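In: Okay, here's the prediction I keep looking at, along with the sequence it came from:
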Amino acid sequence: MNVPESFPGGCKFFASFSGDEFVIFPDSTIFRLADNGEELVPHDELPQRGAPMTERAFLVCASDCRAFAAINAELVELLDQLVRKEMLLVQERRKVKAPAQTSPTEAVVIREQPRYPTWVRVSDICRTSKNQTSILPISPSTWWKGVRAGTFPPAVKFGRASLWKLADVLELVDS
């Protein structure tokens, strides 16, 4: 059932403390306002905790839910476009290899860089706990052994911090 512009007389409105809004029609049927703000969903009973509200407040909640759903849909679409663009940029970066030698007459193409950090720490590269996401599934001690052995790229020191170029680490992952 769609949310009407006005309700028949005798309807009671209720807001639960969990954030749901309800309407009780004169024939004692109970409906919950759907998250999209456009529909009333049949419901068995009122929640234990909540407070009465006015019809106007109920209609404002419905309007706000519709506006939020529209904004949320736009944000999801924009985020989807951004993720697709970033994935294409990463794929293109991995495909394009620099030529061995360029002549002075060759044009240099500058590609847009993806928006991720250019320097990473050991904690970004290696897994320090079971639930942590990392670039490589190895421990920090294994990483440092590889750095000392020369199999992993050397660190660049910034003060006391040891950092690596993300491009070098990703190149290591690709190989």
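Out: Yep, it's here. Numbers count the residues shown, from 1 in each chain.
In: Find the nearest non-adjacent residue to R66, please.
Out: G37 (3.8 Å; Cβ to Cβ, 6 or more residues apart in numbering). The way it works is simple: take the backbone N, C-alpha and C, and place the C-beta from them, glycine included.
In: and the one you found, how many residues sit next to it?
Out: 19 (other Cβ atoms under 10 Å).
In: That one in helix, strand or coil?
Out: Using DSSP: H, G, I helix; E, B strand; the rest coil, the structure places G37 in coil.
In: these two touch, right, it and V3?
Out: Yes. The pair G37 and V3 passes the contact test of Cβ atoms under 8 Å, sitting 7.0 Å apart.
In: what is in contact with the two at once?
Out: A62 (Cβ atoms under 8 Å, 6 or more residues apart in numbering).
In: so what pLDDT did the residue nearest to R66 get?
Out: Looking at G37, its pLDDT is 84.
In: Assumed S28 was part of a helix.
Out: No. S28 is assigned coil when assessed by three-state DSSP, not a helix.
In: Now do the one helix or strand W164 maps to: which elements does it pack against?
Out: For W164, the host element (DSSP states H and E) is strand 161-165. If you count contacts as 3 or more Cβ pairs under 8 Å, 6 or more residues apart in numbering; DSSP states H and E, strand 161-165 packs onto strand 119-120, strand 156-158.
In: average model confidence for stretch 55-74?
Out: The model assigns stretch 55-74 a mean pLDDT of 86.
In: on that earlier part again, least reliable of the helices and strands packed on strand 161-165 going by mean pLDDT?
Out: In terms of mean pLDDT, the lowest-scoring of those is strand 119-120 (a mean of 82).
In: List the pairing partners of that one within its sheet, with orientation.
Out: Within its sheet, strand 119-120 is paired with strand 161-165 (antiparallel), according to DSSP bridges.
In: what's the spacing between the strand it pairs with and its chain's center?
Out: The chain centroid and the centroid of strand 161-165 are separated by 27 Å under Cα atoms, centre = their mean, to the nearest Å.
In: and if you look at stretch 57-67?
Out: With Cα atoms, centre = their mean as the basis, stretch 57-67 stands 25 Å off its chain's centre.
In: please renumber so the chain begins at 21
Out: Sure, I'll start counting at 21 from here, so that last one is stretch 77-87.
In: one step back: ok, and which of the helices and strands packed on strand 181-185 has the densest surroundings?
Out: Most buried of those by mean neighbour count (mean count of other Cβ atoms under 10 Å) is strand 139-140; its value is a mean of 16.
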